[in-house]
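show me how the following folds:
(3 chains)
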Amino acid sequence: MSYTLGQKQLDSIEDILNQDLIDNGVRCVFLIDMAGNIITNLDNGEKQHDIYSLAALAAGNFGAVSAMAKIIGENEFSLLFHKGKKENIHFNKITTEFLLITIFGNDISLGFLRLKVADSVEQLKTILEPLLSL
Amino acid sequence: MAFVNLKNKEIQVKIVYYGPGRGGKTTNLEYIYKKFRKRINTEMVTVKTHGDRTLFFDFLPFDIGVINGYDVKIQLYTVPGQVKYNATRRLVLRGVDGIVFVADAMAVRREKNILSLKNLQDNLANYKKSIFKIPCVMQYNKVDLLEQGIPLLRVETLEKDLNGQLKRPSFRASALNGTNVVMTLKKIISMTVASIKRDLK
Amino acid sequence: MVDTNKDDKLDSEIAKRLDDLFGEGDASSGETSAMKANDATTDENKSQNQPGQTADDEIFELEDVASNKTGEGRRPADYPLAELKNMVLSIDWEITDEVLAGFLSQIDGLKNTYKKEKIILMFLQLLGSLGEYIKTNRGNAHPKTFKILNSVFARLEDVVLSHGMSELEKKKILRTEMNKYKQLRKQVSKKKATAVGRRQAKLLQKDETDVSAPKKQKAGMPSDKVPATAKSHDSLAEAIEELKQFIHSELSALRQELKIFHKSK
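Numbers count the residues shown, from 1 in each chain, chains lettered A, B, ... in the order given. A predicted model of the protein is given here:
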């Protein structure tokens, strides 16, 4: 499946992610497709990660977990989240093609992050869904 | 690293099919799965993209029965071949006992084969394993394309590029048709199990 | 040392087993020759393997990360805050109407239970205000709200469970939480002011640049949420005032008692 994103769309995506997530304390957020390609990534300037490896692994991880869900008779899991001592990572599917990955510290509660991610996802869907019907 | 369960008298052996993207690694496993489904009796797991490219791994486990008092379980994995999935490849290689290097015999893929082999060497080194020591079989895949007039690399070239120093058993194969797929598999299993047994002594 | 006989036997056993499993196996193409018969692992010394791993079933005791360490072991059988604790932990993971309603309902119930214990009542009031604020603002709540909620609850648990704690100590703890709460309120007001300022700036920009084409209102633009936010600020302010007055009156009473005590000496 191929899709094309114009500059305007990318700018809108970045605005949404900055406003909803980065400005609320999220350290790093990246929007990828299910093959692990990075559509956009933003961070708060504190730390630089190897986002290419992260993206590939995140996609693989999500794919593997989805396969696990099917094995146990679930359509999908509603929460994929890994808790670290200082850093945590949360995954959220957007349509069937995209993943929103957020990396955040312990200063943000998971519940709050999930609310913010849900808000972002609703807005991002309006930009991304039209691409899938092309 | 083979997992030995002394309580259950069980050995788990991990064999990874490695090679450049679109070389035929997944096709090897799919052939094995399709052909021996009734005898193998296990499901194949694939984690792939919508475009049918391996994203994480393909996985096919099966039991080969009791050998020397131990129940030997084989786990076949493939890695994603595309360059960008190197971190994932490294992950899948963890604990590997034996490798099938699936080279693409198409002439245009010559450099990709060489780069992929180098990549394998580097990733193994990451786990302090040597490509010169680990059981390995070379497979020169896509020989069926010769009939379609597609230029293929000569075996001598492939041997020189990929097997000159390693000097491993090698097979010309067609994963699509099944040519030498099982021979490759039998060879790597016997080499790997023998190697593990030697190490256990 | 390698026993050649045993190795050969092993090899043949493996080969036989594989033949049984896979038979001749391959598709007929006639070209089934191995190019090299060399089993090339010439160096037998692999140092990295760890043979003979025992497969004893290891049962890992998972840490109960939800247990409040100060509460552990001191919690009575009919612990009155148990349900509220569940709600607080749930809020940490997922904020839903159901959980928030449950939380606020628990607070109401507990206010009744502890109606004669002013300090605990004040804690519950704090929690209630925070809960209302989250309920009204949801995703627009200040991120620190949740940490403060957890902190207030943890300190409430300390106060409820520690039987030997003096009133003074309890008040001290309450004051600390109050200060955090006030800090949060300041930050919330600041955030609101910045958001209002940004919106005004955007509106001005919009007027300047695009007069003819009305744009769609950006999803989540909280222009209609301002009154709700103001309402929640009012309730926060009221709660703070009440707490302030309570602390002042109690402190005056304490001072009086101390004076009497010194005089009697």
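
wait, what's in contact with B:Phe59?
Going by C-beta atoms under 8 Å, 6 or more residues apart in numbering or on different chains, B:Phe59 touches B:44-46, B:75-77. Placement of C-beta: from N, CA and C, glycine included.

hmm, 6 Å instead?
B:45, B:77 (C-beta atoms under 6 Å, 6 or more residues apart in numbering or on different chains).

now the longest helix along chain B: buried residues?
As assigned by DSSP state H, the longest helix anywhere in chain B is helix B:181-200. Within helix B:181-200, the residues scored as buried using 16 or more other C-beta atoms under 10 Å in any protein chain shown are B:181-199.

touching chain C at all, it?
Yes: using C-beta under 6 Å from any C-beta of the partner chain, helix B:181-200 reaches chain C at B:182-183, B:186, B:190-191, B:193, B:195, B:199-200.

state the mean pLDDT of that helix.
Across helix B:181-200, the average pLDDT comes to 89.

give me the helices and strands touching it, please.
Helices and strands touching helix B:181-200, by 3 or more C-beta pairs under 6 Å, 6 or more residues apart in numbering or on different chains; DSSP states H and E, are strand B:98-104, strand B:136-141, helix C:4-22.

okay, these in JSON lines with mean pLDDT next?
Rendered in JSON lines, the data for the helices and strands packed on helix B:181-200 read as follows (pLDDT from 0 to 100):
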{"stretch": "strand B:98-104", "mean pLDDT": "97"}
{"stretch": "strand B:136-141", "mean pLDDT": "97"}
{"stretch": "helix C:4-22", "mean pLDDT": "76"}
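
C-alpha coordinates for stretch C:173-193, PDB please?
Backbone C-alpha positions of stretch C:173-193 (Å, rounded to 0.1, in the frame of the first residue of the first chain) are rendered in PDB as follows:
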ATOM      1  CA  ILE C 173       1.500  16.500  56.300                       C
ATOM      2  CA  LEU C 174      -1.800  18.100  55.300                       C
ATOM      3  CA  ARG C 175      -0.100  21.400  54.900                       C
ATOM      4  CA  THR C 176       2.500  19.900  52.600                       C
ATOM      5  CA  GLU C 177      -0.100  18.500  50.400                       C
ATOM      6  CA  MET C 178      -2.000  21.800  50.500                       C
ATOM      7  CA  ASN C 179       1.000  23.600  49.200                       C
ATOM      8  CA  LYS C 180       1.400  21.200  46.300                       C
ATOM      9  CA  TYR C 181      -2.300  21.800  45.600                       C
ATOM     10  CA  LYS C 182      -1.800  25.500  45.600                       C
ATOM     11  CA  GLN C 183       1.200  25.200  43.300                       C
ATOM     12  CA  LEU C 184      -0.900  23.200  40.900                       C
ATOM     13  CA  ARG C 185      -3.600  25.800  41.000                       C
ATOM     14  CA  LYS C 186      -1.100  28.500  40.100                       C
ATOM     15  CA  GLN C 187       0.200  26.500  37.300                       C
ATOM     16  CA  VAL C 188      -3.300  25.800  36.000                       C
ATOM     17  CA  SER C 189      -4.100  29.500  36.100                       C
ATOM     18  CA  LYS C 190      -0.900  30.300  34.300                       C
ATOM     19  CA  LYS C 191      -1.600  27.600  31.700                       C
ATOM     20  CA  LYS C 192      -5.100  28.900  31.200                       C
ATOM     21  CA  ALA C 193      -3.800  32.500  30.800                       C
END
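
any idea which helix is longest in the chain?
No chain was given, so I picked chain A. Chain A, longest helix under DSSP H: helix A:110-132.

oops, wrong one, chain C.
helix C:167-209.

next, format the helices and strands packed on helix B:181-200 as TSV and append distance to chain A and mean neighbour count.
Conversion of the helices and strands packed on helix B:181-200 to TSV gives the following (distance: least, C-beta to the nearest C-beta, whole Å; neighbours: other C-beta atoms under 10 Å in any protein chain shown):
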stretch	distance to chain A	mean neighbour count
strand B:98-104	20	27
strand B:136-141	23	28
helix C:4-22	25	15
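
mind checking which helix or strand of chain A has the lowest mean pLDDT?
helix A:51-71 (a mean of 87; mean pLDDT, DSSP states H and E).

just the buried positions in it, please.
Here helix A:51-71 shows A:51-64, A:66 as buried, counting by 16+ other C-beta under 10 Å.

given the helix or strand following that helix, what are its sheet partners and their directions?
Following helix A:51-71 in sequence order, the next helix or strand is strand A:80-83 (DSSP states H and E). Neighbouring strands of strand A:80-83 in its sheet, by DSSP bridges, are strand A:87-94 (antiparallel).

just the C-alpha atoms of the strand it pairs with, please, in CSV.
Output of strand A:87-94 as CSV, limited to C-alpha atoms (Å, rounded to 0.1, in the frame of the first residue of the first chain):
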residue,chain,number,x,y,z
GLU,A,87,11.3,6.0,30.6
ASN,A,88,8.1,4.4,29.3
ILE,A,89,6.8,3.6,25.9
HIS,A,90,3.3,3.5,24.6
PHE,A,91,1.9,2.3,21.3
ASN,A,92,-1.3,3.3,19.7
LYS,A,93,-2.7,2.1,16.4
ILE,A,94,-4.2,4.6,14.0
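
gap between it and the chain center?
Distance, stretch centre to chain centre, for strand A:87-94: 6 Å (C-alpha atoms, centre = their mean, to the nearest Å).

same deal with stretch B:102-110?
Worked out by C-alpha atoms, centre = their mean, stretch B:102-110 lies 16 Å from the chain centre.

can you give me phi and psi for residue 79?
Chain wasn't specified; assuming chain A. Here is the backbone geometry of A:Leu79 (degrees, to the nearest 10): phi -140, psi 120.

wait, I meant chain B there
phi -110, psi 160.

that one: neighbouring residues, count only.
30 (other C-beta atoms under 10 Å in any protein chain shown).

what are the neighbouring residues in contact with it?
Applying C-beta under 6 Å, 6+ apart, the residues near B:Val79 are B:18, B:89, B:92.

name the nearest residue to the second one, ignoring sequence neighbours.
The one in question is B:Arg89. Excluding the flanking residues, the one nearest B:Arg89 by C-beta to C-beta, 6 or more residues apart in numbering or on different chains is B:Val79, at 4.3 Å.

how close does the one you found get to C:Lys85?
B:Val79 is 46 Å from C:Lys85, where distance means C-beta to C-beta, to the nearest Å.

likewise for B:Leu117?
B:Leu117 is 58 Å from C:Lys85, by C-beta to C-beta.

go on, C:Asn137?
On the measure of C-beta to C-beta, C:Asn137 and C:Lys85 end up 23 Å apart.

how about the residues of chain B by chain A?
Counting by C-beta under 6 Å from any C-beta, chain B sits next to chain A at B:45, B:47, B:49-50, B:55-56, B:84-85, B:87-88.

buried subset of those as a ChimeraX selection?
Filtering the residues of chain B next to chain A down to the buried ones (16+ other C-beta under 10 Å) takes a single ChimeraX command:
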select /B:45,47,49,55,56,84,85,87,88
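
include distance to C:Arg17 when you put the residues of chain B next to chain A into CSV, please.
Output for the residues of chain B next to chain A, formatted as CSV (distance: C-beta to C-beta, whole Å):
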residue, distance to C:Arg17
B:Val45, 24
B:Val47, 30
B:Thr49, 36
B:His50, 39
B:Leu55, 33
B:Phe56, 30
B:Lys84, 39
B:Tyr85, 34
B:Ala87, 36
B:Thr88, 32
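
what's the first helix or strand after the top strand by length along chain B?
What stands out as the longest strand in chain B, according to DSSP state E, is strand B:54-67. Using DSSP H and E, the next helix or strand after strand B:54-67 towards the C-terminus is strand B:70-78.

residues from chain A in reach of chain B?
Checking chain A against chain B by C-beta under 6 Å from any C-beta, the hits are A:1, A:35, A:53, A:56-57, A:60, A:63-64, A:67.

using JSON lines, lay out those together with distance to C:Phe22.
Shown next, in JSON lines, are those (distance: C-beta to C-beta, whole Å):
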{"residue": "A:Met1", "distance to C:Phe22": "37"}
{"residue": "A:Ala35", "distance to C:Phe22": "34"}
{"residue": "A:Ser53", "distance to C:Phe22": "37"}
{"residue": "A:Ala56", "distance to C:Phe22": "34"}
{"residue": "A:Leu57", "distance to C:Phe22": "34"}
{"residue": "A:Gly60", "distance to C:Phe22": "30"}
{"residue": "A:Gly63", "distance to C:Phe22": "30"}
{"residue": "A:Ala64", "distance to C:Phe22": "28"}
{"residue": "A:Ala67", "distance to C:Phe22": "26"}
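
brilliant, that's me finished.
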